[in-house]
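Peer 1: show me how the following folds:
(one chain, ligands or ions: 2)
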Amino acid sequence: MEPTRDRAWETLTRYTKSEALLRHALAVEAGVRAYAAKSGDDEELWSAVALLHDFDYEIHPTLDKHPQDGAAILREEGWPEEVITAVLSHANHLGLPRDTPLKKTLFACDELSGFIHACGLVRPDGIETLEPRSVRKKLKQPSFASGVNRDDVYEGAEELGVDLDEHIAFVIEAMRPIAPELGLRTAA
Ligand SMILES: [Fe+2]
Ligand SMILES: [Fe+2]
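Peer 2: Ligands and ions are numbered 1, 2, ... in the order given. The predicted structure is shown next:
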(Lines give C-alpha, C1' and ligand atoms only; values in the text may rest on other atoms or scores of the structure.)
(Ligands and ions follow the chains in the order given, each with its own letter.)
Protein backbone atom coordinates (compact mmCIF):
# COMPACT_ATOMS: atom_id res chain seq x y z
CA MET A 1 0.00 0.00 0.00
CA GLU A 2 1.21 3.46 -0.92
CA PRO A 3 1.43 5.44 2.34
CA THR A 4 -0.56 8.60 1.78
CA ARG A 5 -2.08 11.16 4.09
CA ASP A 6 -5.59 10.36 2.86
CA ARG A 7 -5.24 6.64 3.55
CA ALA A 8 -3.79 7.35 6.98
CA TRP A 9 -6.69 9.68 7.79
CA GLU A 10 -9.09 6.97 6.69
CA THR A 11 -7.46 4.37 8.96
CA LEU A 12 -7.16 6.85 11.85
CA THR A 13 -10.80 7.89 11.77
CA ARG A 14 -11.99 4.31 11.51
CA TYR A 15 -10.46 3.55 14.92
CA THR A 16 -10.54 6.97 16.57
CA LYS A 17 -13.67 8.97 17.36
CA SER A 18 -12.35 11.12 20.21
CA GLU A 19 -11.97 14.75 19.18
CA ALA A 20 -9.00 15.20 21.49
CA LEU A 21 -7.14 12.30 19.88
CA LEU A 22 -7.93 13.51 16.36
CA ARG A 23 -6.66 16.97 17.31
CA HIS A 24 -3.51 15.40 18.73
CA ALA A 25 -2.95 13.52 15.46
CA LEU A 26 -3.41 16.72 13.43
CA ALA A 27 -1.10 18.74 15.67
CA VAL A 28 1.68 16.15 15.47
CA GLU A 29 1.17 15.87 11.72
CA ALA A 30 1.55 19.63 11.28
CA GLY A 31 4.98 19.64 12.92
CA VAL A 32 6.22 16.43 11.31
CA ARG A 33 5.06 17.43 7.84
CA ALA A 34 6.66 20.85 8.14
CA TYR A 35 9.97 19.18 8.98
CA ALA A 36 9.60 16.88 5.94
CA ALA A 37 9.03 19.94 3.74
CA LYS A 38 12.04 21.65 5.27
CA SER A 39 14.39 18.74 4.61
CA GLY A 40 12.86 17.72 1.29
CA ASP A 41 11.67 14.36 2.65
CA ASP A 42 8.50 12.51 1.66
CA GLU A 43 5.69 14.65 3.07
CA GLU A 44 2.98 12.08 2.39
CA LEU A 45 4.91 9.33 4.19
CA TRP A 46 5.78 11.54 7.15
CA SER A 47 2.18 12.80 7.40
CA ALA A 48 0.87 9.24 7.30
CA VAL A 49 3.18 8.13 10.13
CA ALA A 50 2.29 11.14 12.26
CA LEU A 51 -1.45 10.62 11.77
CA LEU A 52 -1.16 6.92 12.54
CA HIS A 53 1.20 7.00 15.53
CA ASP A 54 -1.64 6.91 18.09
CA PHE A 55 -4.38 5.56 15.80
CA ASP A 56 -5.05 2.62 18.17
CA TYR A 57 -4.92 4.56 21.43
CA GLU A 58 -8.70 4.72 21.77
CA ILE A 59 -9.02 0.92 21.45
CA HIS A 60 -5.68 0.22 23.23
CA PRO A 61 -5.36 2.87 25.95
CA THR A 62 -2.74 0.95 27.94
CA LEU A 63 0.96 0.49 27.26
CA ASP A 64 0.72 -3.31 27.27
CA LYS A 65 -1.23 -2.90 24.00
CA HIS A 66 -0.43 0.55 22.56
CA PRO A 67 1.11 0.78 20.05
CA GLN A 68 2.24 -2.81 19.59
CA ASP A 69 -1.23 -4.34 19.04
CA GLY A 70 -1.98 -1.44 16.73
CA ALA A 71 1.05 -2.40 14.65
CA ALA A 72 -0.53 -5.80 14.00
CA ILE A 73 -3.64 -4.05 12.65
CA LEU A 74 -1.55 -1.81 10.39
CA ARG A 75 0.31 -4.85 9.09
CA GLU A 76 -2.99 -6.59 8.31
CA GLU A 77 -4.16 -3.48 6.45
CA GLY A 78 -1.05 -3.66 4.31
CA TRP A 79 0.85 -0.61 5.61
CA PRO A 80 4.56 -0.85 4.73
CA GLU A 81 7.07 -1.83 7.45
CA GLU A 82 8.66 1.61 7.14
CA VAL A 83 5.43 3.10 8.49
CA ILE A 84 5.00 0.45 11.17
CA THR A 85 8.54 0.64 12.60
CA ALA A 86 8.30 4.44 12.71
CA VAL A 87 4.96 4.25 14.54
CA LEU A 88 6.37 1.74 17.04
CA SER A 89 9.48 3.83 17.69
CA HIS A 90 7.54 6.67 19.36
CA ALA A 91 6.82 4.43 22.35
CA ASN A 92 9.66 4.69 24.87
CA HIS A 93 8.53 1.55 26.70
CA LEU A 94 9.40 -0.55 23.64
CA GLY A 95 12.98 0.70 23.64
CA LEU A 96 13.26 0.66 19.86
CA PRO A 97 15.96 2.72 18.17
CA ARG A 98 14.98 6.07 16.71
CA ASP A 99 17.53 5.75 13.94
CA THR A 100 15.94 7.73 11.09
CA PRO A 101 15.07 11.43 10.72
CA LEU A 102 11.38 10.48 10.54
CA LYS A 103 11.50 8.59 13.86
CA LYS A 104 13.42 11.38 15.58
CA THR A 105 11.03 14.01 14.21
CA LEU A 106 7.92 12.10 15.28
CA PHE A 107 9.24 11.75 18.82
CA ALA A 108 10.32 15.40 18.96
CA CYS A 109 6.88 16.65 17.85
CA ASP A 110 4.67 14.23 19.79
CA GLU A 111 4.70 15.58 23.35
CA LEU A 112 5.72 19.09 22.36
CA SER A 113 2.72 19.67 20.11
CA GLY A 114 0.43 18.63 22.96
CA PHE A 115 2.18 21.05 25.24
CA ILE A 116 1.94 23.91 22.74
CA HIS A 117 -1.76 23.11 22.36
CA ALA A 118 -2.20 23.34 26.12
CA CYS A 119 -0.39 26.70 26.14
CA GLY A 120 -2.69 27.96 23.39
CA LEU A 121 -5.84 26.93 25.23
CA VAL A 122 -5.16 29.40 28.06
CA ARG A 123 -4.33 32.37 25.81
CA PRO A 124 -6.89 34.81 24.39
CA ASP A 125 -5.45 34.48 20.87
CA GLY A 126 -4.50 30.80 21.06
CA ILE A 127 -1.04 30.20 19.58
CA GLU A 128 -1.08 33.24 17.31
CA THR A 129 1.37 35.25 19.39
CA LEU A 130 2.77 32.39 21.46
CA GLU A 131 6.56 32.48 21.72
CA PRO A 132 9.15 29.89 22.78
CA ARG A 133 10.04 31.94 25.86
CA SER A 134 6.55 31.56 27.28
CA VAL A 135 6.42 27.84 26.37
CA ARG A 136 9.71 27.25 28.20
CA LYS A 137 8.43 29.08 31.26
CA LYS A 138 5.39 26.83 31.35
CA LEU A 139 7.56 23.74 30.87
CA LYS A 140 9.16 24.62 34.20
CA GLN A 141 5.78 24.70 35.97
CA PRO A 142 5.09 21.06 36.83
CA SER A 143 1.40 21.67 37.53
CA PHE A 144 0.74 23.08 34.04
CA ALA A 145 -0.31 20.35 31.55
CA SER A 146 1.11 17.83 33.98
CA GLY A 147 0.32 14.95 31.62
CA VAL A 148 3.08 16.09 29.27
CA ASN A 149 6.38 14.38 30.00
CA ARG A 150 9.00 17.15 30.14
CA ASP A 151 11.90 14.73 29.69
CA ASP A 152 10.41 13.59 26.38
CA VAL A 153 10.19 17.20 25.22
CA TYR A 154 13.85 17.92 26.07
CA GLU A 155 15.12 14.56 24.82
CA GLY A 156 13.13 14.85 21.60
CA ALA A 157 14.81 18.10 20.63
CA GLU A 158 18.19 16.75 21.63
CA GLU A 159 17.82 13.54 19.61
CA LEU A 160 16.68 15.57 16.62
CA GLY A 161 19.71 17.81 17.05
CA VAL A 162 17.80 21.07 17.09
CA ASP A 163 17.92 23.99 19.46
CA LEU A 164 14.90 23.80 21.76
CA ASP A 165 13.77 27.39 21.16
CA GLU A 166 14.03 26.98 17.40
CA HIS A 167 12.18 23.68 17.58
CA ILE A 168 9.36 25.19 19.66
CA ALA A 169 9.08 28.16 17.28
CA PHE A 170 9.05 25.83 14.27
CA VAL A 171 6.29 23.62 15.66
CA ILE A 172 4.17 26.62 16.74
CA GLU A 173 4.44 28.04 13.23
CA ALA A 174 3.49 24.69 11.71
CA MET A 175 0.42 24.45 13.95
CA ARG A 176 -0.83 28.03 13.35
CA PRO A 177 -2.62 27.41 10.04
CA ILE A 178 -4.72 24.64 11.60
CA ALA A 179 -5.42 26.44 14.90
CA PRO A 180 -9.21 26.50 14.26
CA GLU A 181 -9.25 22.72 13.63
CA LEU A 182 -7.32 22.29 16.87
CA GLY A 183 -10.03 24.17 18.76
CA LEU A 184 -7.74 27.12 19.46
CA ARG A 185 -8.90 30.72 19.41
CA THR A 186 -7.57 33.06 16.74
CA ALA A 187 -7.06 36.83 16.87
CA ALA A 188 -9.73 37.49 14.23
FE1 LIG B 1 1.47 6.90 21.67
FE1 LIG C 1 1.09 10.90 20.52
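
Peer 1: which SSE is Arg33 in?
Peer 2: Following DSSP states H and E, one finds Arg33 within helix 19-39.

Peer 1: list the buried residues of that helix.
Peer 2: By neighbour count on 16 or more other CB atoms under 10 Å, the buried set for helix 19-39 is 21-36. C-betas here are computed from N, CA, C, even on glycine.

Peer 1: what of stretch 140-153?
Peer 2: 145, 148, 152-153.

Peer 1: figure out how far that stretch is from the centre of its chain.
Peer 2: Computed by CA atoms, centre = their mean, to the nearest Å, the chain-centroid distance of stretch 140-153 equals 16 Å.

Peer 1: again with stretch 71-88
Peer 2: Its chain's average C-alpha position is 17 Å from that of stretch 71-88, according to CA atoms, centre = their mean.

Peer 1: and for stretch 122-137?
Peer 2: 18 Å.

Peer 1: so where do the helices sit in this structure?
Peer 2: For the chain, the helices defined by DSSP state H occupy 5-15, 19-39, 43-52, 68-76, 81-89, 101-121, 132-139, 150-160, 164-175.

Peer 1: any residue of the second one touching ligand 2?
Peer 2: Read it as helix 19-39. No. Using CB under 5 Å from the ion, helix 19-39 never reaches ligand 2; the gap is at least 5.7 Å.

Peer 1: which residues does that helix contact?
Peer 2: 5, 12-13, 16, 41-43, 45-47, 49-51, 53-55, 57-58, 101-102, 105-106, 108-110, 112-114, 116-117, 170-171, 173-175, 177-178, 181-183 (CB atoms under 8 Å, 6 or more residues apart in numbering).

Peer 1: quick one: the residue positioned nearest the centre of the chain and Asp64, what's the gap?
Peer 2: The centre of the chain sits closest to Val28, judged by CA atoms, centre = their mean, with a distance of 2.6 Å. Applying CB to CB, to the nearest Å, the value for Val28 to Asp64 is 23 Å.

Peer 1: and Val83, by the same measure?
Peer 2: Taking CB to CB, one finds Val83 at 22 Å from Asp64.

Peer 1: looking at the two, which is more packed in?
Peer 2: Neighbour count, other CB atoms under 10 Å: between Val83 and Asp64, Val83 has more, with 22 against 8.
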